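Engineer: coordinates only, no sequence provided:
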C-alpha cells in the first residue's frame, strides 16, 4: 500500500504497487465497518462479477480480485485524474460543450452496460472519473448495479438503492428499473454540470425521494439563462417522471445535447455502443497472417509460454501491416487492443515482447494515421479506435499532432486531446504555430476539452500572444464559451491589445464571465474607449446580469460632456441597459 486515494460509506480505495507485473494499481476494499457484513461482501463480489462482463474504453475495468486477510480486494487500473464531483466543487458550472462531452462519454459506457443487461443504478459525479492522461470521462463503481441474470438479491424488501440526490422516481418508490433509470440519473448529473446544483435539495433522504417521485424539475434556463433552449429541453426530457417519456437510451440523450448546441460538437458520435463480436461471428476466424498462427487475436489471448507468445506477436504485427494496406482501421484497433490487453496479465519477462511490439507499431506511424482517418470516417467505431490510439499515442504522440498540421481539422485536435497525444508541451507548440489556421483550430478544440481549467487557461494564454489577430480572437471566443474566472482573466488581459477586433472580443469575454471583478474593467472602457468599444462595454455590462453593473452606466449618463457631445446611439444603449440592470 502506498497512499489512500479516497473512501466512501461502502469501500476505501488505495494506490498500490503490483510488484509481480511492475505497475501501479488502484485497490478497492470494503470499509472496516462493513468487512464483517455478509451483505456488504456479497455486494462486493457482485460488483466484480458485473464489471467483468463489461469491456469498454469509458468503463474502469476490474483486473482481478484477491484478498487482504479476511477482506476481499478488487484491483483496477490506476486512473490519474479526479472525480467529476471534485471538478464541480472546484470550478462550478461547466461550459455547455464540456458538459455535453462528459455526458457523451458516460452515455457511451452506459449504452454498453445496458447492451449486456447491466443497469448501473448509481450514476453520480463521484462515480465519474476524469482521466487526465486521455481527457476522457470514465464510469466506475458498479457496486449496486443490477444485472438481468442476477440470482442473488442483496436488499431487503422495500429498501431503496441509489444516492438520494440522483435517484430516479422508480428507484425512489422501490419500482422496477431499466436503462431509462440511468438516463434519469445522467440527466441529474448534466443538470448539475450546467447549473452547479442538483434539481432537488431537501433536509433528508425521504424528502428527496418524494421530490424525485412527484415534483417537477426546474428548467435549466431558470438557473442559467445562457443554456440553449434545445439543451434545456433535452435535460427536461431525461428528467421526466414516467420512464416512457424519457430518452430510450443514454446515447440518444447525449446526442440530443450535442445537436442542440449553437455550434456543431466535434464529438457527436462518441456516445455509441462498441460493437461486440460474438463467438458465432465468422469474422473472428478470418486468417490474415502467414505461418502457423491463423488467428493472431486468439493466439495472443491463449499463448501459454514465451515461445507461443512471440509467434502470436509476430503474427499480430503482420496482421496490422496487412490491415493498414487494406485500410481496415477496425481490424488495426482489434489487434492493438489485443496486444495491450495481453500485456496487462503476463509476467514482466513476457510483457516486454508485447510492449516492444506496441512501440514498434506506434513508431511506424501508418497504423496511427489509419486509425485516425478511420475515426474521422466511421462514427460507430470511434470509441474502439480511440482506445487503440490511446495505447499507441504515448510512444509516438507526434504522429497525431503532425496530422493536425497537415489535415487542419479541429476534430483531430480533439482526438489528440482524448488519446493523450496532446500534452501541454505539444499544445503550446501548436499554439505557437505561425499558421493562424492551425492555432485557431487548437482554440476551437479547447471549447470541448475535458482537461482541467488550469491546462486550458495556460494554452489560451499562449494563444493570446499569437501574432495573428484571428487566433487571439479565437482564444477569447473560447474563453467566453467557458465563462467564469478564465473568461474574466483573459478578457481583462486582452483589453490592451493593439487590434480593435481583439479588444471587442475581450469585452465579450468579460461580459460572459458573470463575475463582479469584470465591472471595473468594463467601466474603464466606458471612460476611454472608442464609441464602438463603449457600445460593446455597455452590452457586456448588461450580459453580466449583476446589480453592480448599474453604477458605471449611471456615471456615463450623468457626465456633462455626455449631454453635449455624446452619441445618441450610445446614450440610448446605456439608458436601456441601465433600465434592464435595475429591473
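Structural biologist: Structure's in. What do you need? Treat the numbers as computed from the prediction; the structure is a model and nothing was measured.
Engineer: can you show me the strands along the chain?
Structural biologist: 3-7, 11-18, 23-30, 64-68, 71-77, 81-83, 118-119, 128-131, 136-139, 146-147 (DSSP state E).
Engineer: for the ones you listed, give me a markdown table that also has mean neighbour count.
Structural biologist: All C-beta spots, glycine's among them, are computed from the backbone N, C-alpha and C. Shown next, in a markdown table, are those (neighbours: other C-beta atoms under 10 Å):
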| stretch | mean neighbour count |
| --- | --- |
| strand 3-7 | 11 |
| strand 11-18 | 17 |
| strand 23-30 | 20 |
| strand 64-68 | 12 |
| strand 71-77 | 18 |
| strand 81-83 | 18 |
| strand 118-119 | 23 |
| strand 128-131 | 24 |
| strand 136-139 | 25 |
| strand 146-147 | 17 |
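Engineer: TSV for those strands, including mean pLDDT and distance to residue 186?
Structural biologist: Output for those, formatted as TSV (pLDDT from 0 to 100; distance: least, C-beta to C-beta, whole Å):
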stretch	mean pLDDT	distance to residue 186
strand 3-7	74	22
strand 11-18	82	23
strand 23-30	82	23
strand 64-68	71	28
strand 71-77	79	22
strand 81-83	87	16
strand 118-119	89	12
strand 128-131	91	10
strand 136-139	90	10
strand 146-147	52	16
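Engineer: go through these and name the closest to residue 46.
Structural biologist: Of all these, it is strand 146-147 that lies closest to residue 46, at 7.9 Å by C-beta to C-beta.
Engineer: one step back: turn the strands of the chain into CSV, columns for distance to residue 207.
Structural biologist: As requested, the strands of the chain are exported to CSV (distance: least, C-beta to C-beta, whole Å):
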stretch, distance to residue 207
strand 3-7, 27
strand 11-18, 27
strand 23-30, 30
strand 64-68, 38
strand 71-77, 34
strand 81-83, 26
strand 118-119, 25
strand 128-131, 25
strand 136-139, 28
strand 146-147, 25
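Engineer: the residue nearest the centre of the chain: what's it in contact with?
Structural biologist: Note on the chain: the residue nearest the mean C-alpha position is residue 102, at 3.3 Å, using C-alpha atoms, centre = their mean. By C-beta atoms under 8 Å, 6 or more residues apart in numbering, the contact set of residue 102 is 84, 94, 128, 130, 137, 193, 450.
Engineer: so how far is residue 309 from it?
Structural biologist: Distance of residue 102 to residue 309, given as C-beta to C-beta, to the nearest Å: 38 Å.
Engineer: which ones are touching residue 248?
Structural biologist: By C-beta under 8 Å, 6+ apart, the neighbours of residue 248 are 179-180.
Engineer: where exactly do the helices run in the stretch 151-300 of the chain?
Structural biologist: Ranges of helices in the stretch 151-300 of the chain, per DSSP state H, counting those that start in this stretch, are 169-172, 179-195, 205-214, 220-223, 229-238, 250-259, 296-302.
Engineer: among those, which is nearest residue 410?
Structural biologist: That would be helix 250-259 among the helices of the stretch 151-300 of the chain, by C-beta to C-beta, at 14.5 Å.
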